[in-house]
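S.K.: Fold the following.
(2 chains)
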Amino acid sequence: MTSATLAPDRPAWGRRPARGGRRLTRASGLGLGVAMLWFSLLVLIPLTAVVVTAADGGWTEFWSAVTNQQTAAAIRLTVGTAFLVTLVNVVMGTTIAWVLVRDEPFFGKRALEVLIDIPFALPTIVAGLVLLSLYGPGSPLGVNIANTRVAVFFAFLFVTLPFVVRTVQPVLAELDREAEEAAASLGASRFTVFRRIILPSLTPAIAAGAALSFARGVSEYGSLVLLSGNLPMHTEVTSVRILSSIENDNLEGAAAVAAVLLVISFAVIVAVDVIQRRVVRRG
Amino acid sequence: MSIEIANVTKRFGEFVALDDVSVSIPSGQLTALLGPSGGGKSTLLRIIAGLEQADSGRVQIEGLDATNLPPQRRNVGFVFQHYAAFKHLSVRRNVAFGLEIRRRPKAEIRSRVDDLLALVHLEQFADRLPSQLSGGQRQRMALARALAVQPTVLLLDEPFGALDAKVRKELRDWLRRLHDEVHVTTVFVTHDQEEALEVADEIVVINDGRIEQIGSPDELYDRPANDFVMRFLGPVTQLGDRLVRPHDVQILPADGHEPGATTGRITRITRVGFEIRIEITADDQVIAATLTRNEFLALHLQLDTTVRVRIAPEIQAGTVAVDSGPNLPATTAVT
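M.R.: Residues are numbered from 1 along each chain as shown, chains lettered A, B, ... in the order given. Down below sits the predicted model:
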């Protein structure tokens, strides 16, 4: 029995000698270098460029671009809908993952397993076309949601469906069933077992899926552009708004909206992480 | 009788895990379900706990018909081989779980958990997560968690199976002493005959979904009901058409005249600590015998010495006639 606390080795940041004088080996130095270069080229430099462009015209210009009524409406719609869709996904995605992992094999289970990924695989504009022909003016179902906010909501739902399912599924499959049995024999009802034993283990996965789902919603373009009608102040989303800004030669305006989205996405990802930690800790 | 199992049958598809099993497990004792893997002993334990439903038959716990009760309402404590710890909860919260479910007052939970942690010697680990404990500590935590709800019966499924030999031995002693303190009716599953013999008040030997024998460790060891129990409870060797424990084989000088002895030649001598294992070839039989070092030295035995062997006269009762089949390896040590 030892009372020493387990302190996981922290990776050394950068090439500076870490505490204890440990330096990166040649191989890990090279690896870190390649990773940083790759990440910079693909993510950091473009993001910085967006922020720099947004700041080009100064604070007043940025602020007026963002507070422009039409832009503000687009941001509200996009973020609000992405938020709602993410909530729905958290519930539905977890449920679908549960059905896939835990339920008895049923007819079509394998097919469902494959179909889940279709929104991933499909080019979003094809998804848009599918949605338009199904829920558009000539709907065979008699449901016409063209040019409404419901169309935006549906398109978001369609493309973000797989995220929570696919993050939760493997974690659920690996859960210790005996811990659930132990809880049951200690008197916990099925609901209590789910809330106090299963959910805390799933929460990191659900949070990861939720963050992905939200980010994807905010950035969605192809799947909704056909069905939503892109009506200013009503169904216009930010990606459409950015495109029309660029088409009107207003690069700073587009960059300003992009910068706002960047901040919101970042805030949401941080918030999701905080919530997740809290849920896990509370148990 | 505390647990009454009557005519329980359980199938998994084609496989018959339990075949019309009936057994009574006495109150307040430590009972072992002993048998080889896949023999049905864990299934029986899980049926008692309600984690598995019997296809037919009845289960009574302390006079209460539990056959159709869900696990939540059986008031049994269950300890799993792989601990089944609640990984996201501290040791304290793990132990408190059953009491929190029962909505006991906070102060009561606190003091009861403190008592239990002291009982399993984990006081100073109360705020650790299970992942920061060793296997033995995790299993003690699981035991405290099961005891917290004051179960009518405590069920342990191969509780020490995942631990290394030394810790296993320590925990085994500790479980025995704990049971002498707590006196809750305890049933544990094991495939380790030494564990069962050492710890249990009563042993139920289960094989192939059927009960082979029920009895105290002494009864089982000294008067096995059949070939299987004899072989399973310890090393055996065959002498003539009888199965006998190697330490019950008597080695005599070649020139004696004792009745019922077979002449043979020593073909192998192995020393393991205080014990000397000898193989004697007589006709086409290889007989295994074990002696203490002192007995060995007194007999002046060497390789190729011709000796006479027989079953020690005072233990004739503890042998079993060989059922059938070809000669088995000289020693079948089941571990």
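S.K.: can we go C-alpha only for contacts and neighbour counts from here?
M.R.: Noted.
S.K.: quick check: mean pLDDT across the lengthiest helix in chain B?
M.R.: The longest helix of chain B (DSSP state H) is helix B:165-182. What helix B:165-182 shows for mean pLDDT is 88.
S.K.: How about stretch B:132-148?
M.R.: Confidence over stretch B:132-148, taken as the mean pLDDT, stands at 93.
S.K.: The helix or strand just after the longest helix of chain B: partners in the sheet, and parallel or antiparallel?
M.R.: Beyond helix B:165-182 in the direction of the C-terminus, DSSP states H and E gives the next helix or strand as strand B:185-190. Paired strands of strand B:185-190, with direction, are strand B:30-34 (parallel), strand B:153-157 (parallel) (DSSP bridges).
S.K.: Contacts for strand B:185-190 next, please.
M.R.: The set of residues external to strand B:185-190 that reach it, using CA atoms under 8 Å, 6 or more residues apart in numbering or on different chains, is B:2, B:26-35, B:41-42, B:45, B:152-159, B:161, B:179, B:196.
S.K.: Over to stretch B:290-298?
M.R.: Contacts made with stretch B:290-298 from outside it, assessed by CA under 8 Å, 6+ apart, are listed as B:246-249, B:274-278.
S.K.: check contacts around residue 269.
M.R.: Since no chain was named, I'll use chain A. By CA under 8 Å, 6+ apart, the contact list for residue A:269 reads residue A:211.
S.K.: wrong chain, I was asking about chain B
M.R.: The neighbourhood of residue B:269, defined by CA under 8 Å, 6+ apart, consists of B:276-279, B:302-303.
S.K.: now do residue B:249
M.R.: Applying CA under 8 Å, 6+ apart, we find residue B:249 in contact with B:288-290, B:309-312.
S.K.: Can you tell me which of these lies closest to chain A?
M.R.: Nearest to chain A among these: residue B:290, at 38.0 Å, using CA to the nearest CA.
S.K.: so for the helix or strand hosting that closest one, what's the average pLDDT?
M.R.: When elements are assigned from DSSP H and E, residue B:290 belongs to strand B:285-292. Across strand B:285-292, pLDDT averages out at 90.
S.K.: What of stretch B:61-75?
M.R.: Here stretch B:61-75 scores 91 as its mean pLDDT.
S.K.: gap between it and the chain center?
M.R.: The gap between where stretch B:61-75 is centred and where its chain is centred comes out at 25 Å by CA atoms, centre = their mean, to the nearest Å.
S.K.: anything in it near chain A?
M.R.: Yes. Stretch B:61-75 comes into contact with chain A (CA under 8 Å from any CA of the partner chain), by way of B:71-75.
S.K.: Nearest to chain A, out of those residues: which one, please.
M.R.: Comparing these against chain A with CA to the nearest CA picks out residue B:72 as the nearest, at 4.1 Å.
S.K.: Contact partners for the closest one?
M.R.: By CA under 8 Å, 6+ apart, the contact list for residue B:72 reads A:184-189.
S.K.: Of those residues, just say which sits nearest to chain B.
M.R.: Distance from chain B was checked for each of the contacts of residue B:72 by CA to the nearest CA. The minimum falls on residue A:187, at 4.1 Å.
S.K.: Can you tell me the element the residue lying farthest from the centre of chain B falls in?
M.R.: Among the C-alpha atoms of chain B, the one most distant from their mean position (CA atoms, centre = their mean) is that of residue B:255, at 42.9 Å. Using DSSP H and E, residue B:255 sits within no helix or strand.
S.K.: How about the contacts made by the residue in the stretch 151-300 of chain B that chain A sits nearest to?
M.R.: Using CA to the nearest CA, the closest approach of the stretch 151-300 of chain B to chain A is made by residue B:151 at 8.9 Å. Residues counted as contacts of residue B:151 (CA under 8 Å, 6+ apart) are B:75-77, B:184.
S.K.: Now secondary structure and neighbour count too, for those residues, in a markdown table please.
M.R.: Formatted as a markdown table, the entries for those read as follows, by DSSP: H, G, I helix; E, B strand; the rest coil; neighbours: other CA atoms under 10 Å in any protein chain shown:
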| residue | secondary structure | neighbour count |
| --- | --- | --- |
| B:75 | coil | 20 |
| B:76 | strand | 26 |
| B:77 | strand | 28 |
| B:184 | coil | 19 |
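S.K.: which of those residues sit farthest apart?
M.R.: Based on CA to CA, the longest span within the contacts of residue B:151 runs between B:75 and B:184 and measures 12.2 Å.
S.K.: what's the overlap in contacts for these two?
M.R.: With CA under 8 Å, 6+ apart as the test, residue B:75 and residue B:184 both reach B:151-153.
S.K.: Make JSON lines out of those residues and add pLDDT and distance to residue A:107.
M.R.: Supplementary listing: those in JSON lines, determined by pLDDT from 0 to 100; distance: CA to CA, whole Å:
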{"residue": "B:151", "pLDDT": "92", "distance to residue A:107": "42"}
{"residue": "B:152", "pLDDT": "90", "distance to residue A:107": "43"}
{"residue": "B:153", "pLDDT": "92", "distance to residue A:107": "41"}
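S.K.: Turn those residues into a markdown table, including distance to residue A:25.
M.R.: Below are the shared contacts of residue B:75 and residue B:184 laid out as a markdown table (distance: CA to CA, whole Å):
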| residue | distance to residue A:25 |
| --- | --- |
| B:151 | 56 |
| B:152 | 59 |
| B:153 | 57 |
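S.K.: could you show me where the strands are in the stretch 201-335 of chain B, in order?
M.R.: With DSSP state E, counting those that start in this stretch as the criterion, the stretch 201-335 of chain B has strands at B:202-207, B:210-215, B:237-239, B:242-244, B:249-253, B:262-272, B:275-282, B:285-292, B:306-311, B:320-321.
S.K.: would you turn those into a markdown table with distance to residue B:231?
M.R.: Conversion of the strands of the stretch 201-335 of chain B to a markdown table gives the following (distance: least, CA to CA, whole Å):
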| stretch | distance to residue B:231 |
| --- | --- |
| strand B:202-207 | 12 |
| strand B:210-215 | 12 |
| strand B:237-239 | 9 |
| strand B:242-244 | 9 |
| strand B:249-253 | 16 |
| strand B:262-272 | 21 |
| strand B:275-282 | 18 |
| strand B:285-292 | 14 |
| strand B:306-311 | 17 |
| strand B:320-321 | 10 |
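S.K.: quick one: low-confidence parts of the stretch 1-150 of chain B?
M.R.: Applying pLDDT under 70 to the predicted model, the residue ranges of the stretch 1-150 of chain B that meet it are B:1.
S.K.: can you do 90?
M.R.: Judged against pLDDT under 90, the low-scoring parts of the stretch 1-150 of chain B cover residues B:1-2, B:37-39, B:62-64, B:119.
S.K.: Tell me the residues of it that contact chain A?
M.R.: When proximity is defined by CA under 8 Å from any CA, the stretch 1-150 of chain B lies next to chain A at B:49, B:51, B:71-80, B:84-86, B:88-89, B:97-98, B:101-102, B:132, B:146, B:149.
S.K.: Just the buried residues of these.
M.R.: Of the members of the residues of the stretch 1-150 of chain B next to chain A, the ones counted as buried by neighbours, 16 or more other CA atoms under 10 Å in any protein chain shown, are B:49, B:51, B:71-80, B:84-86, B:88-89, B:97-98, B:132, B:146, B:149.
S.K.: Cross those residues against helices and list the overlap.
M.R.: Secondary structure of those is defined by DSSP H; positions in helices are B:49, B:97-98, B:146.
S.K.: Out of the residues you listed, which comes closest to residue A:99?
M.R.: Distance to residue A:99, by CA to CA, is smallest for residue B:49 among those, at 26.4 Å.
S.K.: List the contacts of the one helix or strand residue A:61 maps to.
M.R.: Here residue A:61 sits within helix A:58-67, counting by DSSP H and E. Contacts made with helix A:58-67 from outside it, assessed by CA under 8 Å, 6+ apart, are listed as A:54-55, A:71-72, A:252-253, A:256-257, A:260.
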